[in-house]
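[1] Okay, predicted coordinates and the sequence, questions at the end:
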Amino acid sequence: MKKIFIILLILVLPISCKPIEDDTKLSPVTDNLPKKEETYINVAGETIEERYLTLEGYKRIETEENSFGEFLRAQRLKPYGEKVLYYDGREKNKKDVYDSVLDVEIGDRDLHQCADAIMLLRGEYLYSIGKYEDISFNFVSGFKAEYKKWMEGYRIKIEGNHVSYYKATEPSNTYEDFRKYMDMVMAYAGTLSLEKELEPINIEKIKIGDVFIVGGSPGHAVIVMDMAISDEGGKIFVLAQSYMPAQQTQILINPIDKSISPWYSLNDKEKLITPEWTFELDQLRRFLN
């Protein structure tokens, strides 16, 4: 669990990712999808777009320049076959969970779990395009942590149930400043708070950057990293997650239809089944800005 040094009644609830039991069995639907074992992986690829080839009859959806979708699709990956590392340096050797690992620095604290990985991706994106004023996340307590205040030299003080800003240093906006701010966010935010910040989206309108999320205890979240579409309008997508304890972000395999893995299709599906969590289709959310 995260080491959160705050006595807030609302934080008594665990906010980290935890598996749930789900005995639902869904038969893989492969209509209009490849029915033979093929590989859609270019092991030499260094980004999501380069490593994962689209299925026959599908083409990647177009993304706007400097969009969140373009940013996610271009995420760099560790060399193929490398293991996910936990925050303490141990390897995640659990089989049939992930195909590749994002090349992300997660620090040596137990912070970078499921919602944290998604918030970091969102924060990194906004930081990369200079939209510093849009970088803000709510703590589970409801406090709004704004990076623009952090840039101005303010820091966040937590005293019992009271959370506030205080002037601590001169204005600064280095990448190190940003990551220290994100460490603060990851310590005091989670699925419970992130779910409330996101807008519900109809599954038919799914796009890159959308998040399947269950807030609370237990809770979990995964993010859509890439998408492709067929001439008939069929959609396939790639998912990523972190988990607990804190670990590097990973591209998930498709446990239900391994013939198209790591791509997912929801054609005639009633739920989204991932290796470590099952989501209802109405649990899709989107960042507002």
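    All right, it came through fine. This structure is a prediction, so every number in the text was calculated from the model and none was measured.
[2] quick one: contacts for the residue most central in space within the chain?
    Nearest to the mean C-alpha position of the chain, by Cα atoms, centre = their mean, lies residue 118 at 3.3 Å. The neighbourhood of residue 118, defined by Cβ atoms under 8 Å, 6 or more residues apart in numbering, consists of 194, 211, 221, 223. Any C-beta I mention is one placed from the backbone N, CA and C, and that applies to glycine too.
[3] buried sites along the particular helix or strand that has it in it?
    In this assignment (DSSP states H and E), residue 118 forms part of helix 114-128. Judged by neighbour count using 16 or more other Cβ atoms under 10 Å, the buried positions of helix 114-128 are 114-127.
[4] And the furthest pair within the residues you listed?
    Greatest spacing in these, by Cβ to Cβ: 114 and 127 (20.7 Å).
[5] rewinding a little: with secondary structure, distance to residue 75 and pLDDT as new columns, can the contacts of residue 118 be given to me in JSON lines?
    Shown next, in JSON lines, are the contacts of residue 118 (DSSP: H, G, I helix; E, B strand; the rest coil; distance: Cβ to Cβ, whole Å; pLDDT from 0 to 100):
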{"residue": "194", "secondary structure": "helix", "distance to residue 75": "19", "pLDDT": "98"}
{"residue": "211", "secondary structure": "strand", "distance to residue 75": "15", "pLDDT": "98"}
{"residue": "221", "secondary structure": "strand", "distance to residue 75": "17", "pLDDT": "98"}
{"residue": "223", "secondary structure": "strand", "distance to residue 75": "11", "pLDDT": "99"}
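[6] Among these, find me the one that's closest to residue 246.
    Closest approach between those and residue 246, by Cβ to Cβ: residue 221, at 14.2 Å.
[7] for this protein, what are the low-confidence residue spans?
    In the predicted model, the chain carries pLDDT under 70 at residues 1-16, 18-38.
[8] And for it, the residue most distant from the center?
    Going by Cα atoms, centre = their mean, the residue of the chain most distant from its centre is residue 170, 32.3 Å out.
[9] I'd say it and residue 154 touch.
    No - applying Cβ atoms under 8 Å, one finds residue 170 not in contact with residue 154, separated by 11.1 Å.
[10] Quickly name whichever of the contacts of residue 118 is closest to residue 59.
    residue 223 (21.6 Å).
[11] How many residues are close by the closest one?
    Residue 223 has 24 neighbours, counted by other Cβ atoms under 10 Å.
[12] next one: residue 94
    Neighbours of residue 94 using other Cβ under 10 Å come to 12.
[13] Quick check: it is in a strand.
    No - if the criterion is DSSP: H, G, I helix; E, B strand; the rest coil, then residue 94 is coil and not within a strand.
[14] Check the gap between it and residue 84 for me.
    9 Å (Cβ to Cβ, to the nearest Å).
[15] what do you get for residue 173?
    From residue 173 to residue 84 the distance is 31 Å (Cβ to Cβ).
[16] And the two? Which one has more around it.
    Between residue 173 and residue 84, counted using other Cβ under 10 Å, residue 84 has the larger neighbour count: 21 against 15.
[17] what about the closest residue to that one other than its chain neighbours, how many neighbours?
    Residue nearest to residue 84 in three dimensions, not counting chain neighbours: residue 92, with 3.9 Å by Cβ to Cβ, 6 or more residues apart in numbering. Neighbours of residue 92 under the rule other Cβ under 10 Å: 16.
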